[in-house]
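Trainee: After the sequence you'll find the predicted model.
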Amino acid sequence: ILLLVNAECLLSCDEQQTPIEIYPTRTCEEREPASPNSLCVLVAEDSVTARLTLQRHLNVNYDCEILEAKDGSEALSLYKANRDRIDVVFTDIDMPRMTGFDLLRELQSLECEGPIAPVAVLTSRSDQRSRDTATQFGAFQYLTKPSSETAVQQVIDRVIALREHTKKVQGD
């Protein structure tokens with residue numbers, strides 16, 4: 001069930017009949033140019049509900065451009081095409097075609113071409129083995145679903161602090 005709330009927001013229900021707000025993602029051609037203080041976030045998630053929830057968490061407190069991928073393979077292609085713009089990657093682990101672990105491994109292989117964006121894993125897996133594997137493959141943060149707005153905010157705040165530190169070190 002979709003209900004138009006205003007010109008920019010729809011109200012829907014997820015699989016558990018929980019009301020959620022939907023803010024349609026605009027295509028690159030429709031987007032306004034990002035401000036210098038905005039963030040570019042790549043989200044790799046096969047669940048539409050989880051992508052929309054993360055998008056809502058991000059848009060509450062930050063000026064974000066969000067690039068969405070339905071699996072790790074699509075995320076890797078988007079990352080390669082937008083590497084210089086992406087500030088952080090959020091990835092699920094269990095996705096079709098290419099898992100989040102495989103995405104982490106592929107992103108690590110790109111490190112020889114320069115630093116890669118920090119990767120935060122956002123998954124329903126809460127076991128220690130998955131945490132250890134994600135860390136081994138370079139994840140800088142591991143969050144379990146359902147994620148809170150505060151947890152997502154902490155990840156973004158760490159990314160902003162890292163970006164500011166890098167700018168100071170480079171003298172920008």
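Mentor: On my side now, so go ahead.
Trainee: show me the contacts for the spatially closest residue to residue 117 that is not a sequence neighbour.
Mentor: In space, and not counting its chain neighbours, residue 117 is closest to residue 86: 4.7 Å by CB to CB, 6 or more residues apart in numbering. From N, CA and C alone the C-beta is placed, and that goes for glycine too. By CB atoms under 8 Å, 6 or more residues apart in numbering, the contact set of residue 86 is 40-42, 67, 79, 117.
Trainee: cool, residue 54 as well?
Mentor: With CB under 8 Å, 6+ apart, residue 54 has these contacts: 43, 45, 90, 122, 147, 152.
Trainee: Those residues in helices, which ones?
Mentor: With helices defined by DSSP state H, the entries of those inside them are residue 152.
Trainee: Using CSV, lay out the contacts of residue 54 together with distance to residue 159, neighbour count and pLDDT.
Mentor: Shown next, in CSV, are those (distance: CB to CB, whole Å; neighbours: other CB atoms under 10 Å; pLDDT from 0 to 100):
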residue, distance to residue 159, neighbour count, pLDDT
43, 14, 26, 98
45, 18, 25, 97
90, 11, 28, 98
122, 14, 26, 96
147, 15, 18, 85
152, 11, 24, 93
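Trainee: Which of the contacts of residue 54 sits closest to residue 135?
Mentor: residue 122 (14.5 Å; CB to CB).
Trainee: mean confidence for stretch 96-110?
Mentor: Averaging pLDDT along stretch 96-110 gives 96.
Trainee: What residues of that stretch count as buried?
Mentor: By 16 or more other CB atoms under 10 Å, the buried positions in stretch 96-110 come out as 98-104, 106-107.
Trainee: Repeat that for stretch 162-172.
Mentor: Within stretch 162-172, the residues scored as buried using 16+ other CB under 10 Å are residue 163.
Trainee: And the contacts of that stretch?
Mentor: With contacts defined as CB under 8 Å, 6+ apart, stretch 162-172 is touched by 87, 118.
Trainee: Equivalent analysis for stretch 120-140, please.
Mentor: So stretch 120-140 is contacted by 45, 50, 54, 88-94, 100-101, 104-105, 107-108, 116, 118-119, 141-145, 147, 155, 158 (CB under 8 Å, 6+ apart).
Trainee: Equivalent analysis for stretch 42-52, please.
Mentor: Stretch 42-52 has contacts (CB under 8 Å, 6+ apart) with 14-15, 20, 22-23, 54-55, 66-72, 74-75, 78-79, 82, 86, 88-92, 94-96, 100, 103, 117, 122, 145.
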